[in-house]
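K.L.:
Provided below for reference: sequence and predicted model.
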Amino acid sequence: MELEALNAVRSDIESLGATLVAVTPQHPEFSRAMQAEKNLSIEMLSDPGNRVAAAYGLRHQLPDDLSALYAGFGIDLPKFNGDETWTLPMPARLIIDTEGIVRYAEVSPDYTVRPEPEDTVAVLKTIVGG
């Protein structure tokens, strides 16, 4: 799982003076349960309605047929995310400096394509000179 892989490089990221934060549309109660279940130490922030994802151009609307398929598998996005929009954020990894400037972004519209955590650490090292 991606969060477990990120958790594994968290200390590398912090040693470079950066902070690892995951942003999710899930209600905090579901994020906390997942953190406890998977023993994650990543800070997770809630993005109700995917508003932050939308601000970065990373929110996408699930088509009706895919929403129906998810629902058929028992995936209840409205329950977990607390809204009826059936939107999800695109998988993305951003490095944002202390001034709020995005220094690096890797994004995929395909939810199965995710940046490798080690690659993110390597890019961070080039940015901070580590």
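P.N.:
Alright, I've got the coordinates.
K.L.:
Just the mean pLDDT for the longest helix seen in the chain, thanks.
P.N.:
Ordering each helix of the chain by length in residues (DSSP state H) puts helix 2-15 first. In this model, helix 2-15 carries a mean pLDDT of 92.
K.L.:
Remind me what that helix packs against, helices and strands.
P.N.:
The contact analysis (3 or more Cβ pairs under 8 Å, 6 or more residues apart in numbering; DSSP states H and E) places helix 2-15 against helix 28-38, helix 117-128. Placement of C-beta: from N, CA and C, glycine included.
K.L.:
These: which one's closest to residue 18?
P.N.:
helix 117-128 (5.8 Å; Cβ to Cβ).
K.L.:
Show me what stretch 17-33 is in contact with.
P.N.:
Residues from elsewhere that reach stretch 17-33 (Cβ atoms under 8 Å, 6 or more residues apart in numbering): 3, 6, 9-10, 13-14, 34, 42-50, 52-53, 80-83, 87-89, 95, 124, 128.
K.L.:
same thing but at 7 Å, please
P.N.:
3, 6, 10, 13, 42-48, 50, 52, 80-82, 89, 124, 128 (Cβ atoms under 7 Å, 6 or more residues apart in numbering).
K.L.:
So which of the helices and strands packed on helix 2-15 is the most surrounded?
P.N.:
Among the helices and strands packed on helix 2-15, helix 117-128 has the highest mean neighbour count (mean count of other Cβ atoms under 10 Å), at a mean of 15.
K.L.:
Now name the helix or strand holding residue 78.
P.N.:
Following DSSP states H and E, one finds residue 78 within helix 77-81.
K.L.:
now that helix, how far from the centre of its chain.
P.N.:
16 Å (Cα atoms, centre = their mean, to the nearest Å).
K.L.:
With stretch 30-41 instead?
P.N.:
On Cα atoms, centre = their mean, the centre of stretch 30-41 falls 14 Å from the chain's centre.
K.L.:
what's the answer for stretch 75-83, then?
P.N.:
Computed by Cα atoms, centre = their mean, the chain-centroid distance of stretch 75-83 equals 16 Å.
K.L.:
Restrict it to CA atoms and write it as CSV.
P.N.:
The C-alpha trace of stretch 75-83 is given here as CSV (Å, rounded to 0.1, in the frame of the first residue of the first chain):
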residue,chain,number,x,y,z
ILE,A,75,-17.3,1.0,-1.6
ASP,A,76,-19.4,3.7,0.0
LEU,A,77,-17.5,7.0,-0.9
PRO,A,78,-20.3,9.2,0.4
LYS,A,79,-20.0,7.5,3.8
PHE,A,80,-16.2,7.7,4.0
ASN,A,81,-15.8,11.1,2.5
GLY,A,82,-18.9,12.7,3.9
ASP,A,83,-20.4,14.1,0.7
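K.L.:
Nothing else from me, thank you.
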